[in-house]
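Trainee: coordinates only, sequence not included:
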């Protein structure tokens, strides 16, 4: 059964854009299902009394005075299945989480559990009730009366500025441009249609609009219900956030630390459009929306926008952004060579570029990788370009991978060109024979390394023979330039190499790979092997642990199979998980694989180097890339992802879909080690225009967070031809918790102006229940077998005896961690929160109950102690006592 949710499906197409609209809906009343403790559901008509002091329902066996809840007795309103009744097994699958809500009321904290027909009805009731609970005690005014709001005053002032003639009216065309300027992503046709609707409804057609109509159009078009709903949750002063409200939101929901009131005033000053709001320190709905959409509130952690990893480790401890056919514009067979491909790759932070050298027609070497390339690129021009752009995007070392297919004479010219053009940038110092590892990226800053073949020390001539590389054979065969037959006996082919070119190779000497045992015994740290995608794939599947171990000391490069004549890309994750540093990508080919590569290398200031996980670097560590579950010593994490809404989604590019409307859904994918790879999708938002509401929660277990990548893909369910709308790829380590906007990109990785997804991100440790809230509290504890860390015997008696003493403390530590996690989940559930909630949210919830209580039970929290105790002063309700006991257990 498809569950559709859309804020525009309200009765009479009403859009919830203010608390007045919510209360108006509640005054009219609607049908909700009332859930009893025996898990049975009954349909009842719920309505807010005209005096806005109580909510009633009918029919009821109770006396009409008892079939009601007074607003002043309401302690809390919870969204979702957050009470024991709604969480019970008999109900959990009968309706979606977003269609349920509960009213906690009375001195004994009873719950009225309700199920609505859609998430928007829930939002309207919850928003209206929270508003009345917060402000009902003061003076319940009728909605829309009294002093004009901060927002209305601001929109009116904008109108006045546009009213150049001071006639109280402006042309519709100017009004449309004004709203478009305030909301750049909105379509002109949408704004024009809204003005026509309002003019028709108010029977005021014409080419001009008055101020009240402009204000109404702006409020209906530019209020995002999901953000307004969030604002009301945290606002303590009607329809805006004060400085203290904003500080609470940033600390509790966004997980920001060390937030000050000065920082909050700075945010208000930067994003609040109204002068009055800025002066008083108020953030109204428009300023709040602007803030949430800004780079300050992006899903990508700003710390990762600059180099933030240790750059002093050996070169072999990093993943290195690598390009395969950088000069190609299309595919490997019919593609055109173009010099701008190098500028593009270097601009994206690429730190390893392949150059395949061929004999040029005019006695000078050329670069091209396609048998049909009529416009081959002169090697001299390529080197000049590299000299210009090598360090524009990153200061860290650039590796030029030379695959030589030209004569010794032209090799000499190539070597002279490299020395003359690159000069001091070329790294020519011989490797240090007493060292065990390569230098670090920090030590090699601003230097260009040449990776290629080297003449043996015994050769004293100006040129000599070296074993050939497999890379490029297929291309040479197609070009008709490979007349050399494979040697008899199946040994490696031999090619001539000039001394001048050989002398440019220092730290990246290309050698053929024999086997892991030979490498362990005889390979030197400055020697590196290249593997074809097929060969590397075989090692990754058959002996992943050995490949990981090999890559701790040596650089390895993986290049695409020659069968990929369409220049498609391999999945870089297949080789990153085994520690392969350089996975050569066809940068000219967009798609999933290039998204993963581009997203992955954003995490360290887009400098082209990413430090590998410690488990892949440390000498004494065992890691198999094909692990199917959690890894020893690496705490698994749960990602709780709520996809709330989309904004300004474009139509699929190649789509012939009917009309202008897309029917989008979102796929969230995790790419990483096999144990982590997963994909979940939301429901389709039907007929929702450009701003669909999804409001769906997804959950992923991440066993190796350092290697995981999250990719959002927005697709069209109602497509003809092309279904792809947008994507965004982000490393798991770069995710910011809280309410965030995802800046969507095209298939080619270019930003789509104003197109975003609005999501909520929470990350918790896997232990402690993750999915425990789907079962009753009593059933959880003690059921799951605990996973204790054990030690493997080495066979060396002295070592085994030392480590045997660690077994008991490790068991105790595991028990302590598990007990803390279980106690935390119990505490969160009693507070009516999910396992993804944090401690601040729990304390805030308990304090809200206490504030909304007439009998005012007193609870003290002693912050002077290391673990602050929370104690009741005098009699307290049973639920509150349970909460305090659960807190004490924690």
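Mentor: The structure has been received and is ready for your questions. Being a predicted model, the structure only gives us computed values, none of them experimental.

Trainee: buried sites along the host helix or strand of residue 416?
Mentor: Using DSSP states H and E, residue 416 sits in helix 408-422. Neighbour-count burial for helix 408-422 flags 408, 410, 411, 412, 413, 414, 415, 417, 418, 421, 422 (criterion: 16 or more other Cβ atoms under 10 Å). Bear in mind the C-beta positions are built from the backbone N, C-alpha and C, glycine included.

Trainee: the third one and residue 796, how far apart?
Mentor: If you measure residue 411 against residue 796 using Cβ to Cβ, to the nearest Å, the figure is 52 Å.

Trainee: what does the fourth one give?
Mentor: Between residue 412 and residue 796 the distance, using Cβ to Cβ, works out to 56 Å.

Trainee: how about the first one?
Mentor: The spacing between residue 408 and residue 796, counted by Cβ to Cβ, is 54 Å.

Trainee: thinking again about what came up before, which other residues reach the helix holding residue 416?
Mentor: 357, 359-360, 363-365, 379-380, 383-384, 386-387, 404, 406, 426, 448, 450, 463, 496-498, 500-501, 503-504 (Cβ atoms under 8 Å, 6 or more residues apart in numbering).

Trainee: quick one, which of those are buried?
Mentor: So, by 16+ other Cβ under 10 Å, the buried ones in the contacts of helix 408-422 are 357, 360, 365, 379-380, 383, 386-387, 404, 406, 426, 448, 450, 463, 497-498, 500-501, 504.

Trainee: how far does the top helix by length along the chain sit from its chain's centre?
Mentor: Criterion DSSP state H: the longest helix present in the chain is helix 807-830. Mean C-alpha position of helix 807-830 versus that of the full chain (Cα atoms, centre = their mean, to the nearest Å) differs by 29 Å.

Trainee: which neighbouring elements make contact with that helix?
Mentor: helix 839-851, helix 878-889 (3 or more Cβ pairs under 8 Å, 6 or more residues apart in numbering; DSSP states H and E).

Trainee: I'd like the ones you listed written out as TSV, with mean pLDDT, distance to residue 619 and mean neighbour count added.
Mentor: Output for those, formatted as TSV (pLDDT from 0 to 100; distance: least, Cβ to Cβ, whole Å; neighbours: other Cβ atoms under 10 Å):
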stretch	mean pLDDT	distance to residue 619	mean neighbour count
helix 839-851	82	38	16
helix 878-889	88	42	17
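
Trainee: can you put those in a markdown table and add distance to residue 760?
Mentor: As requested, the helices and strands packed on helix 807-830 are exported to a markdown table (distance: least, Cβ to Cβ, whole Å):
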| stretch | distance to residue 760 |
| --- | --- |
| helix 839-851 | 12 |
| helix 878-889 | 24 |
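
Trainee: those: which one's closest to residue 129?
Mentor: When those are compared by Cβ to Cβ, helix 839-851 sits nearest residue 129, at 13.1 Å.

Trainee: flag every buried residue along stretch 697-705.
Mentor: Neighbour-count burial for stretch 697-705, counted by 16+ other Cβ under 10 Å, picks out 697, 698, 699, 700, 701, 702, 703, 704, 705.

Trainee: ignore the last one, stretch 80-91
Mentor: Per 16+ other Cβ under 10 Å, stretch 80-91 contains these buried residues: 80, 81, 82, 83, 85, 86, 87, 88, 91.

Trainee: distance between that stretch and the chain's centre?
Mentor: 30 Å.

Trainee: mean confidence for that stretch?
Mentor: Mean per-residue pLDDT for stretch 80-91: 79.

Trainee: lowest average confidence across helices and strands of this structure, where is it?
Mentor: helix 473-479 (a mean of 56; mean pLDDT, DSSP states H and E).

Trainee: immediately after that one, which helix or strand?
Mentor: strand 494-498.

Trainee: what's that following strand packed up against?
Mentor: Applying 3+ Cβ pairs under 8 Å, 6+ apart, we find strand 494-498 packed against helix 408-422, strand 463-467.

Trainee: partners of it, with directions?
Mentor: Strands that pair with strand 494-498, judged by DSSP bridges, come out as strand 463-467 (antiparallel).

Trainee: leaving out chain neighbours, which residue sits closest to residue 359?
Mentor: Of all residues not flanking residue 359 in the chain, residue 406 sits nearest, at 4.6 Å (Cβ to Cβ, 6 or more residues apart in numbering).

Trainee: that neighbour: what's it in contact with?
Mentor: 357, 358, 359, 360, 365, 414.

Trainee: now these as a markdown table including secondary structure, pLDDT and distance to residue 133?
Mentor: Compiled in a markdown table, the contacts of residue 406 are given as follows (DSSP: H, G, I helix; E, B strand; the rest coil; pLDDT from 0 to 100; distance: Cβ to Cβ, whole Å):
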| residue | secondary structure | pLDDT | distance to residue 133 |
| --- | --- | --- | --- |
| 357 | strand | 88 | 75 |
| 358 | strand | 87 | 77 |
| 359 | coil | 86 | 82 |
| 360 | coil | 84 | 80 |
| 365 | coil | 90 | 78 |
| 414 | helix | 93 | 77 |
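
Trainee: reformat these as TSV; add distance to residue 874.
Mentor: Below are the contacts of residue 406 laid out as TSV (distance: Cβ to Cβ, whole Å):
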residue	distance to residue 874
357	86
358	89
359	94
360	93
365	90
414	88
